[in-house]
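Novice: Could you work out the structure for the sequence below:
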Amino acid sequence: MDPHLLRTYVTVVRLASFSAAARTLGYTQSAVSQHIAALEQDLGTPLLTRRPVAPTRAGERLLDHAGPLLLRLDAARAEVLALAGAPDEGLTLAAAPTALTPRTLRALPPTGVTLRVVDRAAVPEAVATGAARLGLVDGLAAPTDPLRIPDVAPLTTRGTGEEPVCVLLPAGHPLTRRAGLRLGDLADARWLDAPGAGLPLDQLRTATGGTGFRPALRYGGTDVRTLIALAAAGHGLAVLPRSAASASDARGADGTVAVPLVAPRVVHRTELLHAGALRGAAAAFAARLDVTRS
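Specialist: Numbers count the residues shown, from 1 in each chain. You can find the predicted model right below:
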């Protein structure tokens, strides 16, 4: 199966348009149509309906395989080019916002750093494709347990730290006087769904082994301060690592109160991702973090 044809197919499906895919890929619309026809001939089945442009049942199954296949090819190309080229003097780091703990920020080199704050789901892909030399991901885990990282490419993961987590409440909430909270008792509360800025609700469900944690409001950004402001306005609760919730240490000075989560016994874990051997600025950054291999 020709990866060029597969990439054209994925682009057509994503944009739901042959003409838009042609503009994006720099092809003529006729060339895009020829790519799709060649792929359908190779597989012996229609992959797309034309009006509207949408995948057939067979096309949907191909799409499930296409993303990981193309990502693996991009990852292989990026790693080979990195081995063939000169060591980078700078450092490009892709990180989830709550993975940028104070300890991590102190370890950054004083110069030559490009920091990309992205949704945690985009971090492994950025590292695999060479868009970032290193990645920082985070999530809820039992103490000393590794995170579950999507298998997008052969990546090395190294634990960089663990810290307690807190439930962020509006200052007037009746539970703010508690010394600690049990997550299972809050399953039916109003929650903020902010996977890019806080700890995702699906991780809370996994931690309690149950259901619930339905979102009252969805926030699609990566700004932790906005998430805190939404909690302060009463739009829902959120779970954050203790360092990210430190703005609430003044017991409501910013309109929120952070109460420690005492059950289940989980921590906020951060891990460093990289492809291939570390060298140059990337190796120096990892050394400053004093990471231990997961």
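Novice: drop to CA atoms for contacts and neighbour counts, all remaining ones
Specialist: OK.
Novice: Mind picking out the helix or strand in the chain with the poorest mean pLDDT?
Specialist: In the chain, no helix or strand scores lower on mean pLDDT, DSSP states H and E than strand 292-293, which sits at a mean of 42.
Novice: so where do the strands sit in the protein?
Specialist: Along the chain, counting by DSSP state E, strands occupy 48-50, 53-55, 91-95, 113-117, 134-141, 156-163, 165-170, 181-182, 191-193, 215-218, 238-241, 256-263, 267-274, 292-293.
Novice: Okay, buried residues for the first one please.
Specialist: Of all the residues in strand 48-50, those buried under the rule 16 or more other C-alpha atoms under 10 Å are L48.
Novice: ok, back up a step: which among the strands of the chain is found nearest to T104?
Specialist: Among the strands of the chain, the nearest to T104 by C-alpha to C-alpha is strand 156-163 (8.4 Å).
Novice: before we move on, the earlier item: any chance of the strands of the chain in TSV, with distance to Q203 too?
Specialist: Putting these into TSV (distance: least, C-alpha to C-alpha, whole Å) gives the following:
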stretch	distance to Q203
strand 48-50	35
strand 53-55	31
strand 91-95	18
strand 113-117	20
strand 134-141	7
strand 156-163	16
strand 165-170	13
strand 181-182	15
strand 191-193	11
strand 215-218	13
strand 238-241	10
strand 256-263	14
strand 267-274	11
strand 292-293	23
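Novice: Select, out of those strands, the one closest to L230.
Specialist: strand 191-193 (8.0 Å).
Novice: Need the residues that contact the closest one.
Specialist: 200-201, 213-219, 231, 235-238 (C-alpha atoms under 8 Å, 6 or more residues apart in numbering).
Novice: do stretch 22-42 as well
Specialist: Contacts for stretch 22-42 (C-alpha under 8 Å, 6+ apart): M1, D2, L5, L6, T8, Y9, F18, S19, A21, P46, L47.
Novice: Pull up the gap between the third one and R23, please.
Specialist: Using C-alpha to C-alpha, to the nearest Å, one obtains 16 Å as the distance from L5 to R23.
Novice: Excluding residues flanking it in the chain, which one is nearest A78?
Specialist: With sequence-adjacent residues excluded and distances taken as C-alpha to C-alpha, 6 or more residues apart in numbering, A78 is closest to G130, at 5.1 Å.
Novice: In contact with S246, which residues are there?
Specialist: S246 touches A258, counting by C-alpha under 8 Å, 6+ apart.
Novice: now it: how far from V259?
Specialist: Distance from S246 to V259, by C-alpha to C-alpha: 11 Å.
Novice: Then P46?
Specialist: 55 Å.
Novice: Same question for R103.
Specialist: From R103 across to V259, the span is 22 Å (C-alpha to C-alpha).
Novice: Between these two, which is the more surrounded one?
Specialist: V259 (24 against 14; other C-alpha atoms under 10 Å).
Novice: I'd guessed the more buried one sits against A179; true?
Specialist: Yes: here V259 reaches A179: they are 6.8 Å apart, a contact under C-alpha atoms under 8 Å.
Novice: Comparing L5 and R23, which residue is more hemmed in?
Specialist: Neighbours were counted for L5 and for R23 using other C-alpha under 10 Å; L5 has more, 18 against 12.
Novice: how distant is stretch 172-185 from the center of its chain?
Specialist: With C-alpha atoms, centre = their mean, to the nearest Å as the basis, stretch 172-185 stands 28 Å off its chain's centre.
Novice: and if you look at stretch 93-101?
Specialist: Centre to centre, stretch against its chain (C-alpha atoms, centre = their mean), the figure for stretch 93-101 is 10 Å.
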